[in-house]
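1. return a 3D structure for these sequence lines:
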Amino acid sequence: MKVLVAMSGGVDSSVATGLLIEDGHDVVGATLKLWGGASDSGCCSVADVDDARRVAQMLGIDHHVFNYTEEFERHVVAPFVAGHAAGQSPNPCIECNRHIKFDLLFERAARLGFDAVATGHHAQVVARDGQHFLVRGADDQKDQSYVLGYLREEQLAVLLLPIGAMQKSEVRLHAERLGLRTWDKPDSQDVCFIEASKGREVFLRGRIDVTAAEIVDRLTGEVLGETQAAELMTIGQRRGVLPGRDGEKRYVAKVDLAAQRVEVGRLDEILITTIHLDEPSLTFSHDVVADATVVLAQWSAHGRPQLATLHHDHGNRRRWWLQLHAPARPVAPGQSVVLYRASEPEIVEGAAIVTSS
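-> Numbers count the residues shown, from 1 in each chain. Next up, the predicted model:
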């Protein structure tokens with residue numbers, strides 16, 4: 001099989017490449033150049049491209065660099081900035097996987113005549129009754145099914161995830177066995193276009209005007225403090241929020257940029273039971289799930305899934321929402337909720353962006 005492997009320069013994609021070669025596939029490596037600005041973190045640095053190129057040389061395969069900087073700016077960076085400017089909290093890594101690493105890369109692989117695309121993600125693809133399902137990775141601590149939640153059946157059918165059934169320790173052992181230079185390389189943790197040495201606020205201040213706002217107790221109206229950048233406050237956030245007069249912790253409940261007001265409350269005061277979804281963003285891996293389907297909803301990469309019922313109506317405006325079976329901490333608008341099958345909690349059903357909770 002002719003396979004195009006997305007090589008990020010990390011140990012996971014390096015091992016995925018090596019294992020595919022050992023399995024007898026005709027393998028070509030590709031690294032995506034995504035961010036054209038300064039970077040000292042993430043998965044898109046010059047050093048990462050160099051690591052990928054050297055691993056490909058060591059394994060004896062061709063390696064290409066695909067330039068998607070314009071598409072990355074349009075589909076990932078610009079929406080990230082616009083979301084924060086509107087008081088939302090977008091997830092750029094999910095959008096990168098959704099629009100760049102899979103949509104664009106898969107299209108290019110098909111045009112170039114490849115039979116499949118492979119990555120080093122910790123997730124699995126399982127075939128059953130003629131369909132392909134995205135399944136959680138075997139390593140609970142490294143599972144990346146959440147960031148792949150928007151993948152569709154036609155993509156899953158040609159996707160290979162060679163390390164998805166492994167523990168991270170096994171991956172590193174394979175890398176050492178193969179003599180790969182990345183065998184002990186640390187995992188990437190940060191957003192690639194935000195310099196870790198400067199942070200999100202510096203990046204956003206260079207692109208938008210930030211708003212000063214009062215931090216107000218939502219029940220008493222007491223002003224607890226202020227923030228110089230309300231666009232950086234996230235629903236559910238506790239860091240940077242002073243306790244109330246009762247000494248109890250306060251969490252962000254609402255960000256109102258127009259009123260220059262951030263409302264906060266005790267955790268028990270801001271719990272939610274409903275999550276509203278952006279219908280155009282809602283993607284199912286297979287057929288549309290029926291109304292009143294019980295699912296497991298997860299809204300952070302390593303969050304605890306929550307039982308919920310997925311609802312929709314077809315009135316004047318089509319709407320989708322999740323009714324949680326138990327109160328939970330609020331979800332910030334702009335974040336993604338990934339839906340897992342309630343009866344088989346390892347299987348992904350789909351994903352959507354949150355509009356409100």
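
2. please make it C-alpha for all contacts and neighbour counts, starting now.
-> Noted.

3. so residue 88 makes contact with residue 256?
-> No. The criterion here is CA atoms under 8 Å, and residue 88 misses it with residue 256 at 10.5 Å.

4. the more surrounded of those two?
-> A direct count of neighbours by other CA atoms under 10 Å for residue 88 and residue 256 places residue 88 higher, at 24 against 14.

5. next up, phi/psi of that one, please.
-> Per-residue torsions, residue 88: phi -100, psi 170 (degrees, to the nearest 10).

6. got a list of what it touches?
-> 231, 234, 332-334 (CA atoms under 8 Å, 6 or more residues apart in numbering).

7. now a PyMOL select for only the buried ones of those.
-> This is how PyMOL selects the buried members of the contacts of residue 88, with burial counted by 16 or more other CA atoms under 10 Å:
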select buried, resi 231+234+332+333+334
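
8. tell me which of the contacts of residue 88 is nearest to residue 265?
-> Ranked by distance to residue 265 (CA to CA), the contacts of residue 88 are led by residue 234 at 13.3 Å.

9. mind listing what that closest one touches?
-> By CA under 8 Å, 6+ apart, the neighbours of residue 234 are 88-89, 252, 255, 332.

10. identify, from the residues you listed, the entry nearest to residue 54.
-> residue 89 (36.5 Å).

11. pretty sure the closest one sits against residue 79.
-> No. Using CA under 8 Å, residue 89 makes no contact with residue 79, being 10.3 Å away.

12. any chance of the contacts of residue 234 in TSV, plus pLDDT?
-> Shown next, in TSV, are the contacts of residue 234 (pLDDT from 0 to 100):
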residue	pLDDT
88	90
89	89
252	94
255	92
332	92
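
13. now these in JSON lines, with distance to residue 151 and secondary structure?
-> Converted to JSON lines, the contacts of residue 234 look like this (distance: CA to CA, whole Å; DSSP: H, G, I helix; E, B strand; the rest coil):
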{"residue": "88", "distance to residue 151": "23", "secondary structure": "coil"}
{"residue": "89", "distance to residue 151": "21", "secondary structure": "coil"}
{"residue": "252", "distance to residue 151": "32", "secondary structure": "strand"}
{"residue": "255", "distance to residue 151": "31", "secondary structure": "strand"}
{"residue": "332", "distance to residue 151": "22", "secondary structure": "coil"}
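
14. wait, which of those is closest to residue 51?
-> Using CA to CA, those come closest to residue 51 at residue 89, 31.8 Å.

15. ok, how many other residues are close to that closest one?
-> When neighbours are counted by other CA under 10 Å, residue 89 comes out with 24.
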